[in-house]
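A.B. asks: Pasting a predicted model and its sequence here:
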Amino acid sequence: MEILDGKKISNQIKEEIAVEVRQMKERGEKVPHLAAVLVGNDGASLTYVGSKVRSCEKIGFQSTLIHLPEETTEEALLKQVENLNQNPDIDGYIVQLPLPKHIDEQKVLMAVDPNKDVDGFHPANFGKMALDMESFIPATPFGIMELLRRYDIDTQGKHAVVIGRSHIVGRPISILLSQKGKTANATVTLTHSRTHDLKTLTLQADIIVSALGVPNFLKADMVKEDVVVIDVGITRVPDDTRERGYYITGDVDFENVGKKASYITPVPGGVGPMTIAMLLKNTLLARERHKAGN
Ligand code: GUN
């Protein structure tokens, strides 16, 4: 079994981006500028956004954090989004999800300028991705594809079973894995809460992407020997013995599934750090596209 080391690969990608940023600076060019909008004080979101902003600083990007109170109205948030759309200094931005319940998430995501949508959540980008056109690919699926690519994992003609149909992970990764291409051309089964007899499907899988958010969901008796396992789950489990009061776990029974798998991502240290690296990559792409005039 080999660990798919997302921490190590994400550091490599960040270093590659940092080299490009240094070259931009040497040429006297503007460096990429990422903004993040966070509404409220959800613990996990605070951690993610903090991590995104810190990563920007480390690789030489400019970053702006717009932290708004929980009671922010939809109208006020839409105004912020419009300001970011109009601000020529901002190359890309994200609105951290989930948003408070009184705000219509879809309405906000629709208001983001697709050319600055480095999360790839706008329908224009999602549609382009599905049609193999240049777009912004959502960071988590983009990170999974990059991890498979950098470990040279053969996906050609393989059966990939995706667990979970979220707009952020399950749906887009099912599209990307089934596209034409070197790290693609898989035969994809997209499963979800209404799927009958999931175990029959996972037992046939050469590659499993689990994006469910249920700790210990995927067990050793559900997978075949030499399966490639990508664990996208990040769940905080309360634990008073830890200083933070919780520990992080994925969807996969890592210890036992790991004994059968050929490759497996750990949690933490697998898909999570790749998501941040690919958000930075998308921001660099946004900068380059804006410089080229589109
Ligand atoms: N919430 C969970 N994952 C993400 C992500 O990739 N982007 C944003 N904006 N919010 C999220």
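C.D. replies: Right, received. Where do you want to start?
A.B. asks: pretty sure residue 139 contacts residue 279?
C.D. replies: Yes - look at residue 139 against residue 279 with Cβ atoms under 8 Å: they come within range, at 4.3 Å. C-betas here are computed from N, CA, C, even on glycine.
A.B. asks: quick one, helices of the chain?
C.D. replies: In the chain, the helices defined using DSSP state H lie at 6-26, 43-59, 74-86, 105-111, 123-130, 139-150, 170-178, 198-202, 254-260, 271-291.
A.B. asks: May I see the ones you listed organised as a markdown table, with distance to the ligand added?
C.D. replies: Output for the helices of the chain, formatted as a markdown table (distance: least, Cβ to the nearest ligand atom, whole Å):
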| stretch | distance to the ligand |
| --- | --- |
| helix 6-26 | 14 |
| helix 43-59 | 7 |
| helix 74-86 | 12 |
| helix 105-111 | 9 |
| helix 123-130 | 13 |
| helix 139-150 | 5 |
| helix 170-178 | 11 |
| helix 198-202 | 24 |
| helix 254-260 | 21 |
| helix 271-291 | 6 |
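A.B. asks: can you tell me which of the ones you listed comes nearest to residue 92?
C.D. replies: helix 271-291 (4.0 Å; Cβ to Cβ).
A.B. asks: report the angle between the axes of the closest one and helix 43-59?
C.D. replies: Using axes from the mean of the first three to the mean of the last three Cα atoms, to 10 degrees, the inter-axis angle of helix 271-291 relative to helix 43-59 is 60 degrees.
A.B. asks: Mind giving me the packing neighbours of helix 271-291?
C.D. replies: helix 6-26, strand 33-39, helix 43-59, strand 92-95, helix 139-150 (3 or more Cβ pairs under 8 Å, 6 or more residues apart in numbering; DSSP states H and E).
A.B. asks: Nearest to residue 258, out of those?
C.D. replies: Closest among these, once you apply Cβ to Cβ, is helix 6-26, at 15.1 Å.
A.B. asks: which residues sit against that closest one?
C.D. replies: Helix 6-26 is contacted by residues 30-32, 55, 58-61, 143, 146-147, 150, 265-266, 269-274, 276-278, 280-281, 284, 287 when judged by Cβ atoms under 8 Å, 6 or more residues apart in numbering.
A.B. asks: Which residue, neighbours along the chain excluded, lies closest to residue 40?
C.D. replies: residue 70 (3.9 Å; Cβ to Cβ, 6 or more residues apart in numbering).
A.B. asks: on that earlier part again, want to try TSV for the helices and strands packed on helix 271-291, with mean pLDDT and distance to residue 187 as columns?
C.D. replies: Shown next, in TSV, are the helices and strands packed on helix 271-291 (pLDDT from 0 to 100; distance: least, Cβ to Cβ, whole Å):
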stretch	mean pLDDT	distance to residue 187
helix 6-26	98	25
strand 33-39	98	36
helix 43-59	96	32
strand 92-95	98	32
helix 139-150	98	15
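A.B. asks: Report the contact partners of residue 209.
C.D. replies: Neighbours of residue 209 in contact, by Cβ under 8 Å, 6+ apart: 144, 160, 161, 162, 163, 169, 170, 173, 177, 230, 232.
A.B. asks: can I get these in a markdown table with neighbour count?
C.D. replies: Listed next are the contacts of residue 209 as a markdown table, based on neighbours: other Cβ atoms under 10 Å:
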| residue | neighbour count |
| --- | --- |
| 144 | 29 |
| 160 | 24 |
| 161 | 26 |
| 162 | 29 |
| 163 | 28 |
| 169 | 28 |
| 170 | 23 |
| 173 | 28 |
| 177 | 25 |
| 230 | 29 |
| 232 | 30 |
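A.B. asks: shared neighbours of residue 139 and residue 279, anything?
C.D. replies: Common neighbours of residue 139 and residue 279, using Cβ under 8 Å, 6+ apart, are 118, 119.
A.B. asks: re the thing from before, just the buried residues out of the contacts of helix 6-26, in PyMOL syntax.
C.D. replies: One line in PyMOL is enough to select the buried members of those, burial here meaning 16 or more other Cβ atoms under 10 Å:
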select buried, resi 31+32+55+59+60+61+143+146+147+150+265+266+269+270+271+272+273+274+276+277+278+280+281+284+287
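A.B. asks: For the stretch 151-294 of the chain, which residues are neighbours of the ligand?
C.D. replies: 168, 275 (Cβ under 6 Å from any ligand atom).
A.B. asks: Next, count neighbours for the residue in the stretch 1-150 of the chain positioned nearest to the ligand.
C.D. replies: Taking Cβ to the nearest ligand atom, the ligand has its nearest neighbour within the stretch 1-150 of the chain at residue 97, 3.7 Å off. The tally of other residues near residue 97 (other Cβ atoms under 10 Å) stands at 16.
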